[in-house]
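>>> Sequence first, then the predicted structure, then my questions.
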Amino acid sequence: MKHFLWLVVALNASAAYAQTYNFFPPPGVTYNSTTHQIATANLQPPGTTGQLSYNNAGAAAGVSAGTSGQPLISAGAATVPAFGPLNLSTAGNTTGILPVTGGGTGLASLTLHGLLIGEGTGNVSAVTAMAADTLLQGQGASADPAAVNINNCGSSTQALSYSTSTHSFGCQTISSLATPVTVPNGGTGLATLTAHGILLGEGTSNVSAVAAMAADTLLQGQGASADPAAVSVNNCGDSSHGLSYSTSTHTFGCQSITGSAATPAGSSGNVQYNNAGAFGGVSNGTSGQALLSNGSSAPSWGTPNIIGTTQSSANSNFPFVGANGTQLVWGAGVTFNPSTNTLNATTFSGTATNATLAATLTVTSSTTNAQFPPILGNGTTMIYDGSVLINPSTHDISATTHTGAVLLTKTTVASLPTCNAGNKGRFQAVTDASGPTYNATVTGGGAVSIPVYCDGTNWTAH
């Protein structure tokens, strides 16, 4: 803010030189016409350093500081101006056209759909809106790009072409290649290929081909140093010959089959076994019987030895289960007559003698009597005929003939008890054998139900 110095010059007091002056001091300055003295109030500008001031109803007021680079924007009459961004979209805020040097285009209107082209510091120019099927083509450093037409050649015998001399597209007639494309260039090196032939690589040389293979031939390898070749397959065509192949002559042939066709041994229903390299048939058993191993001899159908491993026809003592499931307890003098289904005892500590199997038995035990477990054939009672005997001291069964049936306990292979010396001779049934082979160790996970036997080490299929 500048300070104004008001100078009053005393003129000659003579009336001849007297002259009247009108004095209009600025705000804050007063003049005494009587004493001809000037008095000043505080003439410091308002606000802080760099702050603009404006006339606010006869007094000076400061304009709020703006952000660096912002212009002072008028808000109209009697309104405080303020620093802020200039709204270019408001009519009247700007005049003229922003030139390229100021970051503009130098134009008030741009070509509709035209591509803009820079022209140094001159106004931008534009390529006229390009027609369909045209491309923008460069014209070098001294001229603007321009649109160029693309031809529609539209024929299987023509292809689109371009000329660098006329700088235009055209159509070029396609002619056959005079020389086949070689293998190093991605071709076969051949102008024609063997009909129905199998193509073979030959390094960088032209491909070769196996001649069209005749019917009933196979492609046979010839090693790393030769091409594969076709080899004929023989039709041996009768029951006395089979197809053969020789690795010495590398050819197929027919081989005579010696011997007769394998025929099962025995009669219908006989189970087959290996009889010294030939089929052997196990004679059919009675319904309900199990196939029993006889070691290395032929197996046979029969009744399993449920309790013991030895048999004796001289034994006559027989434990059983009464009608109410109570276990009989007896001494050494108790015998059982399987013909009449009666018990006989010379000494017996129970309450029943000469009892039939249908009777309800109530017996007591003593230290002099031996208790034997019941034999369960079908899950509840023993099934037997008149020739079955048991020795209560050894738990052995003796039977010359047996027409009854034995119901084996069923389980899975994984649930079988451990086969060891203590379980040797145990006979059970499984429901999940997988591909069982007679007298071989049984495996689970299948769906075959068979009897199994503990040989002291493994459970074997039977």
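Yep, it's here. Remember, predicted model here, so these are calculated numbers, not experimental data.
>>> Test for you: state the pLDDT assigned to the nearest residue to residue 99 once chain neighbours are set aside.
Sequence neighbours aside, residue 106 is the residue nearest to residue 99 in space, at 4.9 Å (criterion: CB to CB, 6 or more residues apart in numbering). C-beta here means a position set from N, CA and C on the backbone, and glycine is covered the same way. The model reports residue 106 with a pLDDT of 91.
>>> Also residue 163?
pLDDT, residue 163: 92.
>>> So it is in contact with residue 170, correct?
Yes: the criterion here is CB atoms under 8 Å, and residue 163 meets it with residue 170 at 6.3 Å.
>>> So for these two, which residue has more residues nearby?
Between residue 163 and residue 170, counted using other CB atoms under 10 Å, the more crowded position is residue 170 (13 against 10).
>>> What distance do you get for residue 284 to residue 45?
With the distance defined as CB to CB, to the nearest Å, residue 284 ends up 134 Å from residue 45.
>>> Where in this protein is the helix or strand with the lowest mean pLDDT?
Using mean pLDDT, DSSP states H and E, strand 370-371 stands out as the lowest-scoring helix or strand of the chain, at a mean of 34.
>>> Can you list the low-confidence ranges for the stretch 101-250 of the chain?
176-177 (pLDDT under 70).
>>> again, only this time at 90
The model of the stretch 101-250 of the chain has pLDDT under 90 over residues 102-103, 108, 153-159, 172-181, 185, 191, 234, 236-242.
>>> quick one, strands of it?
For the stretch 101-250 of the chain, the strands defined by DSSP state E, counting those that start in this stretch occupy 115-119, 122-127, 134-137, 146-149, 158-163, 168-173, 198-202, 205-210, 217-220, 229-232, 241-246.
>>> Quick check: residue 256 touching residue 240?
Yes: if you go by CB under 8 Å, residue 256 and residue 240 touch, sitting 6.2 Å apart.
>>> now the end-to-end length of stretch 190-208.
Chord length of stretch 190-208, first to last residue, is 9 Å (CA to CA, to the nearest Å).
>>> residue contacts, residue 255?
236, 241, 242, 243, 244 (CB atoms under 8 Å, 6 or more residues apart in numbering).
>>> Residue 147 and residue 129 touch, don't they?
No: the criterion here is CB under 8 Å, and residue 147 misses it with residue 129 at 9.1 Å.
>>> Compare these two and say which is more crowded by neighbours.
residue 147 (15 against 11).
>>> Show me the beta-bridge partners of that one.
residue 136 (DSSP bridges).
>>> swap in residue 170?
residue 161.
>>> What's the separation between residue 172 and residue 178?
16 Å.
>>> and these two? which has more neighbours close in?
residue 172 (14 against 6).
>>> now the nearest residue to the more buried one once chain neighbours are set aside: how far from residue 257?
Nearest in space to residue 172, with sequence neighbours left out and distances taken as CB to CB, 6+ apart, is residue 161 at 3.7 Å. Look at residue 161 and residue 257: by CB to CB, they are 72 Å apart.
>>> can you check residue 120 too?
From residue 120 to residue 257 the distance is 99 Å (CB to CB).
>>> How many residues are close by residue 82?
Residue 82: 13 surrounding residues under other CB under 10 Å.
>>> Quick check: it touching residue 63?
Yes: between residue 82 and residue 63 there is a contact under CB under 8 Å: 6.8 Å.
>>> hey, what's in contact with both of the two?
Common contacts of residue 82 and residue 63, defined by CB under 8 Å, 6+ apart, comprise residue 72.
>>> What about residue 169, how many residues nearby?
Other residues within reach of residue 169, judged by other CB under 10 Å, total 19.
>>> Name the nearest residue to residue 458, sequence neighbours excluded.
residue 441 (4.4 Å).
>>> Check residue 73 too.
residue 84 (5.0 Å).
>>> same thing with residue 105?
Closest to residue 105 by CB to CB, 6+ apart is residue 124, at 4.7 Å.
>>> contacting residues around the one you found?
The neighbours of residue 124, taking CB under 8 Å, 6+ apart as the test, are 100, 105, 106, 107, 110, 116, 117, 118.
>>> Buried subset of those residues, written for ChimeraX?
Only the buried entries of these go into this ChimeraX selection, using 16 or more other CB atoms under 10 Å:
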select :100,105,106,107
